[in-house]
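Engineer: return a 3D structure for these sequence lines:
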Amino acid sequence: MFGTTRGTLVPARKHLFALTLAVIASVPVAASADYTADTMVDVRTLPRPEGAVEKTAETKTHHGKTYRLTYDIPASVAATAAATKKSLAADGWVEYVRPLENTSSSAFKRGRQGLNMSVWLGKQSTLSYNSYIPIYANVPFPPGAVDILYDERRPYLGCIAPTGFDATLDFFRKEMEAIGWRPLEAAEAAARWPNAQLSETIEPGVRAYYSHDAKNGPHQQRPVMLTLQRRDDGRTGVEIRVAPFAMPEKLEAADDVSGLPIPKTTQSLRGSGDSNSVDRSLDIGVVAELPATLAFYRREFAARSWTEETRGAVVTPDNVTLNFSSAEQTATLKLSRRYDMTMVNVATHMKEAALAARAKAKKEADAKFLSDAAAMAKEIIAADEVRRVAQAAKLSDAPLRALADNSKPVPLPENAEEVKFEAADGRLDFYSPSTVRAVAAFYSGALKAQGWKEKPSPINHAAMAVMEFSKGGKAMSLTIMQMGPRAKISGYGSALVVADAKMAAKPGAADATQASSGAKAAVQVLEADPETDADAPFPMPKQRGSTVSRGSGKLPGSNAPLRRELEISVPADLASVLAFYRTELGKRGWKESAERAVVQADRVQLAFASPDGPAQLKLGRAKDETTVSLAQKYTEVAAKAGVIPKPGQARLVFGNMGGGEAAVTINKQTIKLAAGAGGPQSAKPPMLDLPPGKYAYSVKVAGRPARNDTVEVTADDAWGLIIAPSGDALSLQMY
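Structural biologist: As a prediction, the model looks like this:
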């Protein structure tokens, strides 16, 4: 196998390296119009190993012929591969390797027919044939040739013919013309390529040029250069490649890789790092001559404000080493020749000053984020305290009396609500419309009167009190906490553990047992709570559980909600809760839609049209309670904010809390977010409409590794994707 170096053939196989990614072929690889049944082999005619069982689900056909077959074979991978290659060789197929390609599959050629063969280990050995391999640029292989390196797309052929020089030359003269290649005349070459030099000689060998009238994919086939060289062992070195003068003189840029430029004629690529890395490297093979590749990188680096340095510069016809620098980085560019390609190595390093500036920016961004988060937390706490004080003012501070006919092992206040007692576990939970201090005073007096000893606690204020009692070797702890317009009391301890038989003998035990066991309550008419919180103006029954969750979606800097939601639990059956909400929502002018309605014994999902916009009610069952999720959209506010997606689509609204640029890649698109994008002081935030579904995304900020996650978006909804300075992302529904 050989590569060209200024007209001299040198061994090249030892230079093969592991290919990470083949990116851009030198010519398009879509099937050409003349790749029909005449040029494609029906793989059913190929050797079928003994005992092979066809995997019919993976069989593919084209133009009435089968071009892909997969077999399971009861033999080892090595034995299957060796036997299949032997059978294919006997059938006239010649195996070859593509330049710079490291793959588990094997490529074969027979005339103008191409074939890929793969063998891998499944439950048994699995063999796959694929003959949909167009040979765009067909050249003859010398019989018995070894070390065959071939690319059917350009073409490129490098091999060692077993015959002597003269016999090999006669072979190519006959076979090249037999398949449509004709000698290129000097006048013809000069008319199209003024720089063409067809008189160049090579010792010890010969060089000839050929042209072809056929198309290579959608393009005209470029002329090729045949080079034959005598070898000391009597064999002949062979190379066929696109003539250097027919290669492009000016290379076009493809999309950057790792923030570095690459030409469109890049054939292979391997790299590490990205545009934010301290160190990054790029190794590529470019189907172009070295001068054109050098001109490309000088042009592209200059456009990026990189300055070429004279220090360490080496520029020869076959090798180039140049150093470049920018305000933040240094770079070394190395070019060399291999096969018909220019090999490119680019290595960059971040300057110390830039690293220090980046660390400073990161520190400042983190400090700003923490400061903003602390300020936001203070605002939330202050607002919550205002609301708590307002709610506490409505609680009763009057002294409490004990509930009569109480079956529990400790006293209960007379206004206890939603009492739940788990005798075996020693747990007691209930609510009271009295203040924390009133309930605490009740238990302090009632339990002391029964001989309980109270242990002083540091937690004893208007919003929360923790009380601990002991008596006769048993202990009990009570936590009293203001929860909106009520106080929640939770007790646990050995003093509350009571055997079921003992409890059953007490008055009212049957009722307590039924409540704790979760037996179905009779259908009941639920009463609406008249004191609905203004922050979430949804109806709620008085008989609700302890879990109340409220939320709203707003754009930064705006107090107008795009969406509000309420989640509560109700200790009643689902039918009763559904009847309650149908009644109460109807009173508010909400109209129920029958479209996509779900009404089942344990699940309800209903859509409503409210005066302010679309809404949805979801009911479910959990822990013997009915769960309620109620969401309301505010169409007018959302329309003014521009966050309403196209019908049937979902909209992502992006925000960047960091002090530097962030990049989000999702659904094969990259959205760059400036510092503070989507914040109160920024213009309209970046947005992206997507079909509903689950999407993987990646977030990159300077000085941080990429963060990967997924977000699931639903039709006709808007979701916020907020990027923190660390690169972490928070997704939440806004509309």
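
Engineer: what helices or strands is the helix or strand encompassing residue 69 leaning on?
Structural biologist: Using DSSP states H and E, the element containing residue 69 is strand 65-73. The criterion is 3 or more CB pairs under 8 Å, 6 or more residues apart in numbering; DSSP states H and E, and the helices and strands that strand 65-73 contacts are strand 53-54, strand 60-62, strand 125-130. C-beta: built from backbone N, CA, C; applies to glycine.

Engineer: parallel or antiparallel, list what pairs with the first one.
Structural biologist: Applying DSSP bridges to the sheet, strand 53-54 is found paired with strand 65-73 (antiparallel).

Engineer: for the helices and strands packed on strand 65-73, which one sits closest to residue 529?
Structural biologist: Proximity of those to residue 529 was assessed by CB to CB; the nearest stretch is strand 60-62, lying at 64.8 Å.

Engineer: strands along the stretch 251-400 of the chain, start to end?
Structural biologist: If DSSP state E, counting those that start in this stretch is used as the criterion, the strands of the stretch 251-400 of the chain fall at 266-272, 279-286, 307-315, 319-325, 329-338, 341-350.

Engineer: got the ones you listed as CSV, with mean pLDDT and mean neighbour count columns?
Structural biologist: CSV is the format used below for the strands of the stretch 251-400 of the chain (pLDDT from 0 to 100; neighbours: other CB atoms under 10 Å):
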stretch, mean pLDDT, mean neighbour count
strand 266-272, 87, 20
strand 279-286, 93, 21
strand 307-315, 94, 11
strand 319-325, 96, 18
strand 329-338, 95, 18
strand 341-350, 95, 22
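
Engineer: make JSON lines from these and add distance to residue 577 to it.
Structural biologist: Supplementary listing: the strands of the stretch 251-400 of the chain in JSON lines, determined by distance: least, CB to CB, whole Å:
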{"stretch": "strand 266-272", "distance to residue 577": "58"}
{"stretch": "strand 279-286", "distance to residue 577": "59"}
{"stretch": "strand 307-315", "distance to residue 577": "72"}
{"stretch": "strand 319-325", "distance to residue 577": "70"}
{"stretch": "strand 329-338", "distance to residue 577": "63"}
{"stretch": "strand 341-350", "distance to residue 577": "61"}
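
Engineer: of the ones you listed, which approaches residue 378 most closely?
Structural biologist: Among the strands of the stretch 251-400 of the chain, strand 341-350 sits nearest to residue 378 (CB to CB), with 37.9 Å.

Engineer: residue 269 reaches residue 260, doesn't it?
Structural biologist: No - using CB atoms under 8 Å as the test, residue 269 is too far from residue 260 to be in contact (10.5 Å).

Engineer: which residue ranges form the helices in the stretch 401-550 of the chain?
Structural biologist: Taking DSSP state H, counting those that start in this stretch as the criterion, the stretch 401-550 of the chain contains helices spanning 436-449, 500-504, 509-517.

Engineer: quick one on the thing from earlier: mutual contacts of residue 269 and residue 260, please.
Structural biologist: residue 282 (CB atoms under 8 Å, 6 or more residues apart in numbering).

Engineer: what helix or strand does the nearest residue in space to residue 155 that is not next to it in sequence sit in?
Structural biologist: Spatially, and ignoring its direct neighbours in sequence, residue 155 is nearest to residue 137 (3.4 Å; CB to CB, 6 or more residues apart in numbering). Secondary-structure assignment from DSSP H and E places residue 137 in no helical or strand segment.

Engineer: also the one 3 residues further on?
Structural biologist: Assigned by DSSP H and E, residue 140 belongs to neither a helix nor a strand.

Engineer: next up, the contacts around it.
Structural biologist: Applying CB under 8 Å, 6+ apart, the residues near residue 140 are 171, 172, 175, 176, 178, 179.

Engineer: hmm, back to that, hang on, the residue nearest to residue 155 packs against residue 221?
Structural biologist: Yes - in this structure, residue 137 sits in contact with residue 221. The criterion is CB under 8 Å, and the distance is 6.3 Å.

Engineer: which one of the contacts of residue 140 has the most neighbours?
Structural biologist: For these, neighbours were counted by other CB atoms under 10 Å; the highest total belongs to residue 172, with 22 neighbours.

Engineer: that residue reaches residue 228, doesn't it?
Structural biologist: Yes - between residue 172 and residue 228 a contact is recorded at 7.3 Å, counting by CB under 8 Å.

Engineer: and for those two, which residues touch both?
Structural biologist: The overlap between the contact sets of residue 172 and residue 228 (CB under 8 Å, 6+ apart) consists of residue 238.

Engineer: thinking again about what came up before, tell me which two of the contacts of residue 140 sit farthest apart.
Structural biologist: Spatially, the most separated pair among the contacts of residue 140 is 171 and 179, at 12.4 Å (CB to CB).

Engineer: mean pLDDT lowest for which of the helices and strands packed on strand 65-73?
Structural biologist: Note on those: lowest mean pLDDT is at strand 60-62, with a mean of 87.

Engineer: partner strands of that one, with direction?
Structural biologist: Strand pairing for strand 60-62, using DSSP bridges, gives strand 65-73 (antiparallel).

Engineer: next, the angle strand 125-130 makes with the strand holding residue 69.
Structural biologist: 170 degrees (axes from the mean of the first three to the mean of the last three CA atoms, to 10 degrees).
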